[in-house]
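S.K.: Predicted model follows, preceded by the sequence.
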Amino acid sequence: RITVSQAVSILMLVGLLGSILGILVLWIAIYAGWLPVADLSPKRQFLALLMIPAIAVPLSLQLLLAGLRHFVVIATTSMLRAVLQIGLAVFFFMTLGWGIDAAYSTFILSSALTVIVTLVYLKHQHKFHLAMLPLSSVIDMAWYSFRYFPARLGNVLNAHLVLLILAFFATKHTIGLFSLAVSLMGQSLVVSNAMSRAIQPRLGDKAEEDSHFISQCCRVSVVLFGVLTLGLLLIAGYVVPILFSESFQESVGLLWFLAPGIWLKGAAKPLRAYFIGAHHPGIVSTAMLCELAVTVLAILIMYPLAGITGAAISASLGYVVNALVLAIAYRKYSGRRDRKSTRLNSSHTDISRMPSSA
């Protein structure tokens, strides 16, 4: 509905304005004494604040590239950024003798260079130029973003919520065990995230075809992600002691309690893409808010009864609720209530709708 130039312009504007607002809020918090950063020099505080646009702007452009289905470019710029970070870090450490300043500086510089490379590519490929957006489009985009904001905020909160709650009850060792277990299981979501990112640009134009397409994606995701999750559980007992020492062996047992929820959450990722593309982002937000509410309530009940195992069960239960809300909403909005929608049948797959290599 908008041109590439308009999309880049609005993303850059929102990213920069959001960064300025974030820097202003954190600057006030620092100098009001609300944040424990007194041991940081003014120079390091300044570098830390610059991390905000260094994260926000490249991420915005990466999402735009995904929307344009330039996945190879995303991979290339990500690798370029990693190489730049390593190279610049070695230079600053070895040549200038910098310490923590090198870490800040390399991240900021590599992000800036990545943004420049991305803009040059968009200029060459799509004739990018700064362009104004019609007011009606700005209003539509703002309303859509408002409905989707709880889902994005929930993703951030969910990653740390259980750990924050555990901080009031558990020891550092217990928190470390749980953090490792969640991190290991979360890595398995890379596959479902990649699938969701790949199919997202294909959705939103034809509702009936989209529902058939997403139905098949979910069936494939259930099987594929289930196999990957089981494989991770089977090798965890051997991998964890090697990578993290014997002191983290207890975290392996937690993986089995987290696995059902992680499996269903990963399998339901295509449904998130469907609702985002079908102009129902509020459903994704509702699912995330339900997950957060159930997780908090469950952990307050389960932790006193079962300790860290209860925390793992609570987190898994929240993931399950998220997937169930999305599945119920999908049946309502897509109208796919027939048994065929639950069968793994390749005849339902439209391979032509999968993204091209570009």
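M.R.: Looks like it came in fine.
S.K.: Now do the lowest-mean-pLDDT helix or strand in the chain: which elements does it pack against?
M.R.: Least confident helix or strand of the chain, by mean pLDDT, DSSP states H and E, is helix 189-199 with a mean of 76. Here helix 189-199 touches helix 207-244, helix 251-267, helix 269-277, going by 3 or more Cβ pairs under 8 Å, 6 or more residues apart in numbering; DSSP states H and E. (Glycine included, C-beta is placed from N, CA and C.)
S.K.: can I get these in a markdown table with distance to Arg331?
M.R.: Shown next, in a markdown table, are the helices and strands packed on helix 189-199 (distance: least, Cβ to Cβ, whole Å):
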| stretch | distance to Arg331 |
| --- | --- |
| helix 207-244 | 10 |
| helix 251-267 | 15 |
| helix 269-277 | 10 |
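S.K.: Highest mean neighbour count out of these?
M.R.: Stretch with highest mean neighbour count among these: helix 269-277 (a mean of 24; mean count of other Cβ atoms under 10 Å).
S.K.: So which other helices or strands are in contact with it?
M.R.: Counting contacts by 3+ Cβ pairs under 8 Å, 6+ apart, helix 269-277 is packed against helix 189-199, helix 207-244, helix 281-306, helix 308-334.
S.K.: Which stretch among those approaches Phe275 most closely?
M.R.: helix 281-306 (4.6 Å; Cβ to Cβ).
S.K.: If you tally nearby residues, what's the number for the closest residue to Ala66 other than its chain neighbours?
M.R.: Using Cβ to Cβ, 6 or more residues apart in numbering and skipping the chain neighbours, the partner closest in space to Ala66 is Arg197 (5.4 Å). For Arg197, the neighbour count with other Cβ atoms under 10 Å is 19.
S.K.: Show me the contact partners of stretch 5-13.
M.R.: 2, 57, 60-61, 63-64, 67, 119, 122, 126-133, 137-138, 141 (Cβ atoms under 8 Å, 6 or more residues apart in numbering).
S.K.: Out of those residues, list just those in helices.
M.R.: 57, 60-61, 63-64, 67, 119, 122, 126, 137-138, 141 (DSSP state H).
S.K.: Tell me the most packed of these, by neighbour count.
M.R.: That'd be Leu61 among those, by other Cβ under 10 Å, with 24 neighbours.
S.K.: Report the contact partners of the closest residue in space to that one that isn't next to it in sequence.
M.R.: In this structure, Leu61 finds its nearest non-sequential neighbour in Thr118, 4.7 Å apart by Cβ to Cβ, 6+ apart. Shown in contact with Thr118 (Cβ under 8 Å, 6+ apart): 58, 61-62, 65, 73, 77.
S.K.: How many neighbouring residues does the closest residue to Leu122 other than its chain neighbours have?
M.R.: Among residues not flanking Leu122 along the chain, Phe128 sits closest, at 4.1 Å (Cβ to Cβ, 6+ apart). Counted with other Cβ under 10 Å, the neighbours of Phe128 add up to 20.
S.K.: quick one: Phe128 and Val4 touch, right?
M.R.: Yes. Counting by Cβ atoms under 8 Å, Val4 is a contact partner of Phe128 at 6.2 Å.
S.K.: okay, and the common contacts of these two?
M.R.: The contact lists of Phe128 and Val4 share Leu122, where a contact means Cβ under 8 Å, 6+ apart.
S.K.: just for the stretch 101-250 of the chain, where's the confidence low?
M.R.: Residues of the stretch 101-250 of the chain meeting the criterion pLDDT under 70: 158-159, 204-209.
S.K.: residues contacting the residue nearest to the spatial centre of the chain?
M.R.: Nearest to the geometric centre of the chain sits Asn155, at 6.9 Å (Cα atoms, centre = their mean). By Cβ under 8 Å, 6+ apart, the contact set of Asn155 is Met288.
S.K.: For the residue sitting furthest away from the middle of the chain, what are phi and psi?
M.R.: Distance from the C-alpha centroid of the chain, by Cα atoms, centre = their mean, peaks at Thr95 (35.8 Å). Torsion angles at Thr95 (phi, psi; degrees, to the nearest 10) stand at phi -90, psi -50.
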